[in-house]
Every structure is written in structure tokens, then in C-alpha cells.
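K.L.:
next comes the sequence, and after it the predicted model I'd like to discuss.
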Amino acid sequence: MTDELRGLLRESAEAHQPDRARMLARVERGTARPGTARRSRDRERTRALSWPRIVLATLATAGTLTASALMVVDVDAVHDPDPPRSPSAVGRAVPPTAAGSRTEDGPLGADGSVDPHSNAYWAQSNVTLKAGEPLTALVVELRIALTEGVKDTGNWRTRPAADFDLSARQEGGFLVYRWTLKPGRTVPAGEHVFAGQYDHATGGRDAKDDTYRIDATAGAVERGAAVWGGFA
């Protein structure tokens, strides 16, 4: 055989691309028992149909989880903490804490103290209001922590009782006294005392958790002011 003929046969063989699928099908038909080819084709069809369903189910599950994760991240990203309420809004007193006291605000000042006449069974807490200008609106709140035996026994103020609405009740672990200036009444410039009286368990009582807050409107320009503090 010449080199030229060998080259032609090699090129012909390399150019030939057998139909693999058709050849396998022909072999299967020739060797399978009756009915085997049909069952084989059915299995292949079932397998072919099952894989897309499995893939779609997997993608759907992954998509659901991803969407849920994105929703959580999105909510966390856009949620802002509740804004702090303005401490100068009369009638919307925010319970203060003894820490971070603010005892002066413009024409308004205040001081909290346990009356020196308190004893081992009874106490009086005084809130002294200092007004540099007349007040046209005023809320004074005194909060006594409900330590053992604390019970309301009365209250008083240096201003006329008829000028104020008064409430004294337990709220959130405190005995709360609240004096609210009635509409149309005023509080003159100067110092004014608001006091709450209460029994307590025998012995010295720690007033570290007691607090007060005052919200007021002062002067002709109706300027809002607020002060708060503790009794430590």
C-alpha cells in the first residue's frame, strides 16, 4: 500500500463522525428481551423528567430562602430606633432616671431632696421648683420607687391647691405624684415646693431610684422648658 493511499484512508477515518446515540439504540434493540427496550425508554424518560423538577424545586427553595434573608436585611437596614421624645413638651413627661440629671433649662430650675424631718417609718420627698419667669403651664411629677412598705400618706405644695389637678397612684413600680397646673392659672416667678409623703419599711430608706421631672411653659414667648433629677 502506497503512502498516498494510507494518507487518504487516515483522512477519511478522521473525518468520519459516528452517530453514537443511534448505534447504542441499535445495539440495545438487538440484545434486549421483549419489553426491555420499552421499559428502558420509560426509565430514561422518567429520569429526564425528574431532574428538571428536582432542579426547579431546589432553585425555588433557595430563592425563597434568599428572598427571606433579603427581607430581613432590608427591614433591619431601614428601621430606625424610636426618636427620643422632647423633654420640653408639657403634659408628655418622660420618666427620668436619677443618672443624667438636668436641673436647669432656661428660666427653669429644680432640686430634689428628702425632707430632714423624715424618720425610720415615714418620709417626705421635696421637689423645689425655681422659676425665673411666670409659668403659664406646668406639670410636676415625683416618682417614689416602691421599695418595701412604701405607701402614700399624703402630699402638699406651697401654691394654692385649687390651681392644680392632682393624681397619686402606683405606676410601673413607682408611687407617682403628679401636679398639673389648670388652664388659665399661672405660677409666679420664685421658688415653689411640691412634696410627696409616704410610709416605708422600718429603717433607713435608700432614695437612689426616686426621681422627679418638671415640664413648663415660661414667659410671654411661651418658651418650653424641662428639668429632671434624683434624690441620691
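P.N.:
Yes, it's here.

K.L.:
Val187 contacts Ala131, doesn't it?
P.N.:
Yes - using Cβ atoms under 8 Å, Val187 is in contact with Ala131, at 6.1 Å. All C-beta spots, glycine's among them, are computed from the backbone N, C-alpha and C.

K.L.:
need the overlap of contacts for the two.
P.N.:
Both Val187 and Ala131 are contacted by Ala216, under the criterion Cβ atoms under 8 Å, 6 or more residues apart in numbering.

K.L.:
quick check: domain ranges of this structure?
P.N.:
In the domain annotation for the chain, the residue ranges read 3-78, 104-230 (automatic domain parsing).

K.L.:
looking at those, which has the lowest confidence?
P.N.:
Per-segment mean pLDDT for the domains of the chain reaches its minimum on domain 3-78, at a mean of 46.

K.L.:
skipping adjacent residues, who's closest to Leu129 in space?
P.N.:
Leaving out its chain neighbours, the residue that sits closest to Leu129 by Cβ to Cβ, 6 or more residues apart in numbering is His192, at 4.6 Å.

K.L.:
ditto for Phe164
P.N.:
Leaving aside its sequence neighbours, Phe164 sits nearest to Trp179 (Cβ to Cβ, 6+ apart; 4.6 Å).

K.L.:
who does the one you found bridge with?
P.N.:
For Trp179, the beta-bridge partners are Val140, Leu166 (DSSP bridges).

K.L.:
ok, it touching Val193?
P.N.:
No - contact criterion Cβ under 8 Å: Trp179 and Val193 do not qualify, at 11.0 Å.

K.L.:
out of those two, which sits in the more crowded spot?
P.N.:
Trp179 (24 against 16; other Cβ atoms under 10 Å).

K.L.:
so who does that one touch?
P.N.:
By Cβ under 8 Å, 6+ apart, Trp179 lies in contact with Leu138, Val139, Val140, Glu141, Arg157, Phe164, Asp165, Leu166, Phe194.

K.L.:
what's the answer for Ala201, then?
P.N.:
Thr147, Glu148, Gly149 are the contacts of Ala201 under Cβ under 8 Å, 6+ apart.

K.L.:
so which residues of the chain form strands?
P.N.:
For the chain, the strands defined by DSSP state E cover 104-105, 108-114, 122-131, 135-145, 151-157, 164-171, 174-181, 190-199, 211-218, 223-230.

K.L.:
no further queries at this time; thank you.
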